[in-house]
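*Asks:* I'd like to go over a predicted model; first the sequence, then the structure.
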Amino acid sequence: MVALDDYYTAARSLVEPAAWDYIDGGSGDETTLRENLAGYRRYRLRPRVLVDVSRCDMRTTLLGSPVALPIAVAPMGFHGLVTPEAEPACARAAGAVGALMVVSTFATSRLEDVARVARGPLWMQLYVFRDRAVSEDLVKRAEAAGYRALVVTVDAPVRGRRVRDLRNAFALPSGLAPANFPGIPDDGSSAELSAHLALRIDPAFTWDDLDWLRSLTRLPIVLKGVLTAEDAARAAERGVAAIVVSNHGGRQLDGAVTALDALPEVISAVAGRCEVLIDGGIRRGSDVLVALALGARAVLVGRPVLWGMAVSGTEGAREVLSILGTELETAMALCGRTDLASVDASLLRLGFQDVSAPASEPHPW
């Protein structure tokens, strides 16, 4: 296994088909899902030469927490679909490489159990529920367990139409349930699991409710799912600590702008008032470098981490993150950039608008 595509191919044969579609799929015709990856292929790197690159420093901080590399694990529900080790396996892997992990509200392990094994910083991803007491309980538990930020997902007031899941009537296998969310059956009897969960998310949550959320905790608040300058500026004005530029991995609004295309306008709009991260479509270390050059402080990686866990649990996830880190370090050295502060837009040139995947790739995204 020397590239993330190797893990994709291996994992696909190991994960039950309906679960694989849940992990791999997007909404609608999956146009945005494909564009998330194609966007990175549009950029070309401008390497500088005769630079001492005997050491490249990838260290940074995320909301004050030191990390060894600008690559974090994105929040993803139901890790138990790919390995019985579930979310603790991912936390161990992230800690082993010095990366941050964002734990999903819909984890199949209790957030306290994930924190117990973590060796790196953890953030807690939060959906705001119609029953605000449930969200309040999650916030207080996360703070007590040592999580360092709340990542509020704001691009899912209603659930995107995920055709693969609808065709499969996707349900969790018997014995697997969202461990942090009461009232969900663990016997697989909820045939429309994602729809069942989505009904509990509050579609009336607005900007004005951020003050309520802030009153619950001292943790910094991160908004995940911002794609426009207008919303980015408003978030910064509201004192949000960070933004994750994201289209939910192509799982919400099909046809939405890619996070990579939205990144420059978001960076401009916040004007340094908060940190900006990005997720969606990261498959190579050079993709990370492109995102950093456009102004992101770090990237979040989702599906490939699950591929690694499906293949070999903690070790697979650790290896996926290590491959990305090694590829990033190599790309930095070959571009003559010795630390993250030296990575800027002068590194990039916009190339051909070719969105087709090379024939040698085993999948279009």
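*Replies:* Alright, I've got the coordinates.

*Asks:* in the stretch 101-250 of the chain, which spans are strands?
*Replies:* For the stretch 101-250 of the chain, the strands defined by DSSP state E, counting those that start in this stretch cover 101-103, 122-126, 150-153, 221-226, 242-245.

*Asks:* dump the ones you listed into TSV; add mean neighbour count as well.
*Replies:* C-beta coordinates here come from the backbone N, C-alpha and C atoms, glycine included. What follows is the strands of the stretch 101-250 of the chain, written out as TSV (neighbours: other C-beta atoms under 10 Å):
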stretch	mean neighbour count
strand 101-103	26
strand 122-126	25
strand 150-153	24
strand 221-226	24
strand 242-245	28
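
*Asks:* which one of those strands lies closest to residue 77?
*Replies:* Distance to residue 77, taken as C-beta to C-beta, is lowest for strand 122-126 among those, at 9.1 Å.

*Asks:* longest helix in the protein, by residue count?
*Replies:* Identified as the longest helix of the chain according to DSSP state H is helix 303-334.

*Asks:* next, the buried residues of that helix.
*Replies:* Buried residues in helix 303-334, defined by neighbour count with 16 or more other C-beta atoms under 10 Å: 303-314, 316-325, 327-329, 331-334.

*Asks:* stretch 23-36 too?
*Replies:* Going by 16+ other C-beta under 10 Å, stretch 23-36 has these buried residues: 23-28, 30, 32-36.

*Asks:* give me the pLDDT for residue 173.
*Replies:* pLDDT recorded at residue 173 is 88.

*Asks:* how much space separates it from residue 80?
*Replies:* The gap separating residue 173 from residue 80 is 8 Å, by C-beta to C-beta, to the nearest Å.

*Asks:* cool, residue 45 as well?
*Replies:* Relative to residue 80, residue 45 is positioned 38 Å away (criterion: C-beta to C-beta).

*Asks:* now do residue 322
*Replies:* Taking C-beta to C-beta, one finds residue 322 at 23 Å from residue 80.

*Asks:* on that earlier part again, who's more crowded, residue 173 and residue 80?
*Replies:* Using other C-beta atoms under 10 Å as the criterion, residue 173 and residue 80 rank with residue 80 on top: 23 against 15.

*Asks:* got the contact list for the more buried one?
*Replies:* 86-87, 108-109, 176 (C-beta atoms under 8 Å, 6 or more residues apart in numbering).

*Asks:* next, count neighbours for the spatially closest residue to it that is not a sequence neighbour.
*Replies:* Take residue 80 and drop its neighbours on the chain: the residue closest to it by C-beta to C-beta, 6 or more residues apart in numbering is residue 108, 3.5 Å away. Look at residue 108: counted by other C-beta under 10 Å, it has 21 neighbours.

*Asks:* for residue 108, give its distance to residue 84.
*Replies:* Counting by C-beta to C-beta, the gap from residue 108 to residue 84 is 10 Å.

*Asks:* strands of the stretch 251-365 of the chain, start to end?
*Replies:* 275-279, 298-301, 348-350.

*Asks:* for the last one, packing partners?
*Replies:* What it means is strand 348-350. strand 43-45 (3 or more C-beta pairs under 8 Å, 6 or more residues apart in numbering; DSSP states H and E).

*Asks:* please name the strands paired to the strand it packs on in the sheet, noting orientation.
*Replies:* strand 348-350 (antiparallel) (DSSP bridges).

*Asks:* can you list the buried residues in the partner strand?
*Replies:* Neighbour counts over strand 348-350 (16+ other C-beta under 10 Å) mark residue 348 as buried.

*Asks:* so how far is it off the chain centroid?
*Replies:* Here strand 348-350 shows a centroid-to-chain-centroid distance of 24 Å under the convention C-alpha atoms, centre = their mean, to the nearest Å.

*Asks:* quick one: least confident helix or strand in this structure?
*Replies:* Ranked by mean pLDDT, DSSP states H and E, the weakest helix or strand in the chain is helix 193-198, scoring a mean of 60.

*Asks:* which residues in the stretch 1-150 of the chain form helices?
*Replies:* For the stretch 1-150 of the chain, the helices defined by DSSP state H, counting those that start in this stretch cover 4-12, 17-24, 31-41, 86-97, 111-117, 132-145.

*Asks:* identify whichever of those lies nearest to residue 237.
*Replies:* Residue 237 sits nearest to helix 132-145 of all the helices of the stretch 1-150 of the chain, at 22.5 Å, using C-beta to C-beta.

*Asks:* hey, what's the angle from the closest one to strand 122-126? Just curious.
*Replies:* 180 degrees (axes from the mean of the first three to the mean of the last three C-alpha atoms, to 10 degrees).

*Asks:* packing partners for helix 132-145?
*Replies:* Counting contacts by 3+ C-beta pairs under 8 Å, 6+ apart, helix 132-145 is packed against helix 111-117, strand 122-126, helix 210-215.

*Asks:* do that again at 6 Å, thanks
*Replies:* helix 111-117 (3 or more C-beta pairs under 6 Å, 6 or more residues apart in numbering; DSSP states H and E).

*Asks:* nothing else from me, thank you.
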